[in-house]
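got a structure for you, letters missing:
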């Protein structure tokens, strides 16, 4: 059983995966390669002068994997259900379990709806500042919880916020993820 299952391999999902895996949470990522980053080019993104969107995704995938995330490319999650104290995820390739689920499927809110997450009047998933949905242990990031302001930098922050909340729950106290130069691993 994974600690965290991330559904979606765009900026929000890969940010969530990186933060979870580097903090020793067993992390699995399901990616269908349908990210909007196929059409993006990042200009003046923090720390990046200019980068093709898919180059960004490639770098982020490698970072997540280097930190221990298990990336399942081209494996679509078709169902997520509550199961005991966690969640059961179904794909065409198999069944998985996780304690937490981070939904990062862009504007596709089907899994959140099927799970019974509450929606706002704008027809987006109702989340708090930590990206927590109405279902404990389920987070919705990026465009799932926004009817506007779809941007890669915002999505990255949403993925990080979700996992910082998970880490705080797991550690029993507020947790922040602040690296020092001596913490940087070789990639």
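Perfect, I can see it now. All figures in this text were calculated on a predicted structure; none of them were measured in a lab.

What part of this protein, helix or strand, is modelled with the least confidence?
The element with the least model confidence among the helices and strands of the chain, by mean pLDDT, DSSP states H and E, is strand 41-45, at a mean of 78.

what about stretch 15-32, start to end distance?
For stretch 15-32, the separation between the terminal residues is 16 Å (CA to CA, to the nearest Å).

That stretch - what's its average pLDDT?
In this model, stretch 15-32 carries a mean pLDDT of 95.

Mind listing what's buried along that stretch?
Buried positions in stretch 15-32, judged by neighbour count with 16 or more other CB atoms under 10 Å: 15-23, 25-32. Placement of C-beta: from N, CA and C, glycine included.

check contacts around the residue lying closest to residue 157 once chain neighbours are set aside.
Using CB to CB, 6 or more residues apart in numbering and skipping the chain neighbours, the partner closest in space to residue 157 is residue 15 (7.6 Å). Taking CB atoms under 8 Å, 6 or more residues apart in numbering, we find residue 15 in contact with 60, 155-160, 163.

Show me what the lengthiest strand in the chain packs onto, helices and strands only.
Counting residues, the longest strand found in the chain (DSSP state E) is strand 94-103. Contacting strand 94-103 under the criterion 3 or more CB pairs under 8 Å, 6 or more residues apart in numbering; DSSP states H and E are the following elements: strand 2-7, helix 11-22, strand 77-83, strand 86-91, strand 138-140, helix 152-171.

One more pass at 7 Å, please.
Using 3 or more CB pairs under 7 Å, 6 or more residues apart in numbering; DSSP states H and E, the elements in contact with strand 94-103 are strand 2-7, strand 86-91, strand 138-140, helix 152-171.

and whichever helix or strand comes after it, which residues are buried?
Later in the chain than strand 94-103, the nearest helix or strand by DSSP states H and E is helix 110-115. Of the residues in helix 110-115, 111-112, 115 count as buried by neighbour count, 16+ other CB under 10 Å.

Could you check the angle the helix or strand hosting residue 58 makes with strand 2-7?
Per DSSP H and E: residue 58 is located in helix 53-66. In this structure, helix 53-66 runs at an angle of 170 degrees to strand 2-7, with axes from the mean of the first three to the mean of the last three CA atoms, to 10 degrees as the basis.

Give me the helices and strands touching helix 53-66, please.
Contact here means 3+ CB pairs under 7 Å, 6+ apart; on that basis helix 53-66 packs against helix 11-22, strand 41-45, strand 70-73.
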